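Visitor: sequence and predicted structure are below.
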Amino acid sequence: MDNLVLYVATYDAATTATDDYRQLKHAEDSSDLEVVSSVVLRRGDDGRVTVDEHGTGQVAAGAWIGGAAGLVVGLFSPPLLAATAIGAGVGAISGKLAKKHEEKKVGLELEEYLPKGTSAIVAVIDDKYLDRIDAALAQTQKKISKAIDREDYEQLEKAIDEGGDKIAKAIAS
């Protein structure tokens, strides 16, 4: 995968996001669409964000999320990654990404793309699959794709792997 993009599709209703997420998984299973990673984010009326790695259940903010989901969340919103347990293991890179997002306006504004009471599907894909993901996520109210800096991606991936190992060891002890 050469030209990675962060793809965000927002929804007014959580059920619509879940339905489209199922369509995305079906398209991934039945065509040549390849998704690096994807999650469903839900933001309650209280502003609390939950991360759903599989489109079927929730992993609360502050809880453990897997490395692939952490990668997607970190690219979407570094401060949101910091609120998860895996974020505790990747604090330095999360802070660096947050600063870079702010300086270059690379990141997406949480309020704009995940306002209170909404859901979003956030995916990392190669840009050659944009037409297929657009077709799979037909019910979205708003969508955007942004190029991902390869170096940011690789640094965050490495930090999540290392941070996840530290957290797993701490949990096991």
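Guide: Okay, I see it. Numbers count the residues shown, from 1 in each chain.

Visitor: okay, CA-based contacts and neighbour counts for the rest of this
Guide: Fine.

Visitor: ok, D149 - contacts?
Guide: Shown in contact with D149 (C-alpha atoms under 8 Å, 6 or more residues apart in numbering): L4.

Visitor: how close does it get to S31?
Guide: 27 Å (C-alpha to C-alpha, to the nearest Å).

Visitor: likewise for V40?
Guide: On the measure of C-alpha to C-alpha, V40 and S31 end up 21 Å apart.

Visitor: try T15
Guide: 24 Å.

Visitor: looking at these two, which has the bigger crowd around it?
Guide: T15 (12 against 9; other C-alpha atoms under 10 Å).

Visitor: dump the residue contacts of that one.
Guide: T15 makes contact with no residue under the criterion C-alpha under 8 Å, 6+ apart.

Visitor: and it, that's in a helix?
Guide: Yes: counting by DSSP: H, G, I helix; E, B strand; the rest coil, T15 is located in a helix.

Visitor: so where do the helices sit in this protein?
Guide: 14-30, 67-76, 78-82, 85-88, 91-104, 110-113, 130-136, 150-172 (DSSP state H).

Visitor: so the closest residue to D12 other than its chain neighbours versus D20, what's the distance?
Guide: In space, and not counting its chain neighbours, D12 is closest to T118: 4.8 Å by C-alpha to C-alpha, 6 or more residues apart in numbering. From T118 across to D20, the span is 14 Å (C-alpha to C-alpha).
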